[in-house]
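Undergrad: sequence-free structure coming up:
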């Protein structure tokens, strides 16, 4: 802990402190999808395995996002683990004002009508069991219904505002 | 998606499917600490930033873990982002039947009496605002109170049952 780091933290408000500290954290990259009047999906760095019995996962979702009107009512979601070769797909599903499911995105309708993306390392279809309010976000909790391994490969990571990968 | 992958998924129960899919996921490594009659702490791969206003984080905690009697009642927690040089510390805080705070672990009492580990990339002290039941785990939600950047460095990662790091 250097003196300059102390001072920098003291000057920050807590939202900026949170953002600054999490720039040092790294996370695996997932895309969450759901089906309503239209397919929706977004890139998430908050995907986590929560419990094994019953098998539950969680992720965060912003209530102000373009996906929320569908995601907030969806019974099922698609959860995709992205590979390091899928940086472009991750960027597409993080971009505003674009049709994320248009070419070159390759997808199909999966179990329970959930949009499933091609070429991922693995996917799950999960049934939403809770949407927990947390500020302007919801923590989504969902139970695993089905899934498959996809392409072999190494995971895509996110760190300091950039996509990256694991060392060899 | 190969035929053999389909068959493998079909043969698995959903808890095994969850575990199998998350072996392909990668996660940053954190240590969560809290103070009660004794300091407790555990290695977590579920740490996530949830919302900026108010600044909230979340992580999962097993109610059967040795840390839970303290963590389940704690008002504040310490959240530490581990660096790739801290693999041994991560292993210590994941190991059963050991005093995780004994030497060579270096720590001190921080704000609100929270145990703070030395040598981490960054730390936060957070006030617990919710413990959401999720199977045999709780999803802990906590609001950022204070924090600091620590040593510069690159984050420690967890993938396929091993600690690793980012590529250059």
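TA: Arrived safely, thanks for sending. The model shown is predicted, which means the values in this text are computed figures rather than measured ones.

Undergrad: hey, let's count contacts and neighbours off CA atoms from now on
TA: Noted.

Undergrad: Can you report how many residues neighbour the residue nearest to residue A:86 when sequence neighbours are not counted?
TA: Nearest non-adjacent residue to residue A:86, counting by C-alpha to C-alpha, 6 or more residues apart in numbering or on different chains: residue A:156, 7.2 Å away. By the criterion of other C-alpha atoms under 10 Å in any protein chain shown, residue A:156 has 24 neighbours.

Undergrad: For residue A:156, give the beta-bridge partners.
TA: Counting by DSSP bridges, residue A:156 is bridged to residue A:165.

Undergrad: is it true that it touches residue A:80?
TA: No - counting by C-alpha atoms under 8 Å, residue A:156 stays clear of residue A:80, with 11.3 Å between them.

Undergrad: pLDDT below threshold where in chain A?
TA: Low-confidence segments of chain A, defined by pLDDT under 70: A:1-11.

Undergrad: residue ranges of the helices in it, please?
TA: Taking DSSP state H as the test, the helices found in chain A are A:3-11, A:14-22, A:68-71, A:87-92.

Undergrad: give me the number of residues near the residue of chain A found nearest chain B?
TA: Residue nearest to chain B within chain A: residue A:167 (3.7 Å; C-alpha to the nearest C-alpha). Using other C-alpha under 10 Å, residue A:167 has 10 other residues around it.

Undergrad: Now do the contacts for it.
TA: Residue A:167 sits next to B:164-168 when contact means C-alpha atoms under 8 Å, 6 or more residues apart in numbering or on different chains.

Undergrad: What of residue A:39?
TA: With contact taken as C-alpha under 8 Å, 6+ apart, residue A:39 is in contact with A:33, A:101, A:115.

Undergrad: Look up phi and psi at the residue lying closest to the residue of chain A closest to chain B once chain neighbours are set aside.
TA: The shortest distance from residue A:167 to any non-neighbouring residue, by C-alpha to C-alpha, 6+ apart, is to residue B:167 (3.7 Å). For residue B:167, the backbone dihedrals are phi -70, psi 160 (criterion: degrees, to the nearest 10).

Undergrad: got the contact list for residue A:137?
TA: Residue A:137 makes contact with A:60-63, B:50-51, according to C-alpha under 8 Å, 6+ apart.

Undergrad: Quick check: bridge partners of it?
TA: Residue A:137 forms beta bridges with residue A:62, residue A:134, as assigned by DSSP bridges.

Undergrad: From residue B:58, how far off is it?
TA: Distance, residue A:137 to residue B:58, by C-alpha to C-alpha, to the nearest Å: 12 Å.

Undergrad: Sounds good, over and out.
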